[in-house]
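Enquirer: what's the 3D shape of this:
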Amino acid sequence: MDCIVVAAGQGRRMGAGGNKLFLPLQGIPILYYTLSQLNSLPAVTRIFPVIREDEAGDLAAMLEAHGALQKLMPPVWGGKERSDSVRNGLTRVLSDPGSPVVMVHDGARPFVDQAMLERLEKAAQAACALPVLPVADTTRQLDGPLELPTTGDQSTRVIDRGHLALTQTPQAFPVKWIEQVFFTDQAKRAQLTDEGSYFEAAGLPVVLVLGAKGNLKLTHPEDLALAEALFSLQKNKE
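Expert: Okay, here's the model as predicted:
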């Protein structure tokens with residue numbers, strides 16, 4: 001599968017003062033760890049990093065410092081929103097077709113593994129495949145945005161967690177459907193948060209496959225500590 005890695009965000013929730021993906025994870029930038037992990041997996045054929053144009057030098061310096069990656073293609077420039085960056089990456093894939101299946105992955109998920117990619121690739125032959133995890137905790141629905149501590153005048157109710165799933169990336173789908181899903185006028189106006197939503201809006205099939213608990217997304221500062229522990233655990237297994 002070809003893989004588009006979305007890495008053009010601002011990382012505001014991380015409070016990094018810049019792109020969080022260049023923060024170190026045991027001395028290695030998060031983005032490099034994500035890219036090198038994908039580069040090592042047999043299911044991945046080419047990797048298209050989508051970055052901000054003003055960070056091209058940072059990417060080049062990172063590769064010079066930590067080593068070139070065989071499957072990594074020249075960078076694609078990101079857009080204003082995540083959906084714009086994904087569309088730019090898909091445009092690049094369409095201009096140089098390779099694998100019949102493409103997947104989109106968040107650069108902030110450095111621990112993707114081969115087993116999950118194999119599940120995705122199999123399901124993505126005829127649908128958009130999304131990796132999900134069941135919700136383990138009791139879940140509440142609020143009547144407005146969550147603000148803690150609550151003021152006491154906001155009603156909540158417990159909802160059936162058996163009907164809920166947490167969605168991860170990468171999300172994989174057939175290249176042949178890219179044009180009709182992502183490049184219609186309606187799709188270009190939409191600002192949906194994942195690729196599966198575009199397939200649902202287009203009336204095309206979406207299937208769910210089991211994700212991976214270790215497929216952590218690094219969003220908040222405390223996530224880095226957990227990532228450090230996962231990194232060390234992986235190193236100890238090698």
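
Enquirer: ok, which stretches of the chain are strands?
Expert: With DSSP state E, the ranges of strands along the chain come out as 2-6, 24-25, 28-29, 46-51, 76-77, 101-106, 128-134, 139-142, 156-159, 165-167, 171-174, 206-210.

Enquirer: how close does E200 get to A225?
Expert: Distance from E200 to A225, counting by CB to CB, to the nearest Å: 35 Å. In this view, the C-beta of every residue, glycine as well, is placed from N, C-alpha and C.

Enquirer: no wait, N215
Expert: 17 Å.

Enquirer: neighbour count winner among the two?
Expert: Per other CB atoms under 10 Å, whichever of N215 and A225 has more neighbours is N215, with 19 against 8.

Enquirer: for that one, phi and psi?
Expert: In terms of degrees, to the nearest 10, the main-chain angles of N215 are phi -80, psi 60.

Enquirer: pLDDT score assigned to the residue nearest to it when sequence neighbours are not counted?
Expert: Of all residues not flanking N215 in the chain, Q168 sits nearest, at 5.2 Å (CB to CB, 6 or more residues apart in numbering). As predicted, Q168 sits at a pLDDT of 97.

Enquirer: Provide a list of residues in contact with Q168.
Expert: Counting by CB atoms under 8 Å, 6 or more residues apart in numbering, Q168 touches 109, 130-133, 211-212, 215, 217.

Enquirer: can you rerun that using 7 Å?
Expert: 131-133, 211, 215 (CB atoms under 7 Å, 6 or more residues apart in numbering).

Enquirer: next one: M116
Expert: Residues in contact with M116 (CB under 7 Å, 6+ apart) are 131, 211-212, 215.

Enquirer: how about a cut-off of 10 Å?
Expert: Neighbouring residues of M116 by CB atoms under 10 Å, 6 or more residues apart in numbering: 41, 43, 131, 168, 170, 209-212, 214-215.
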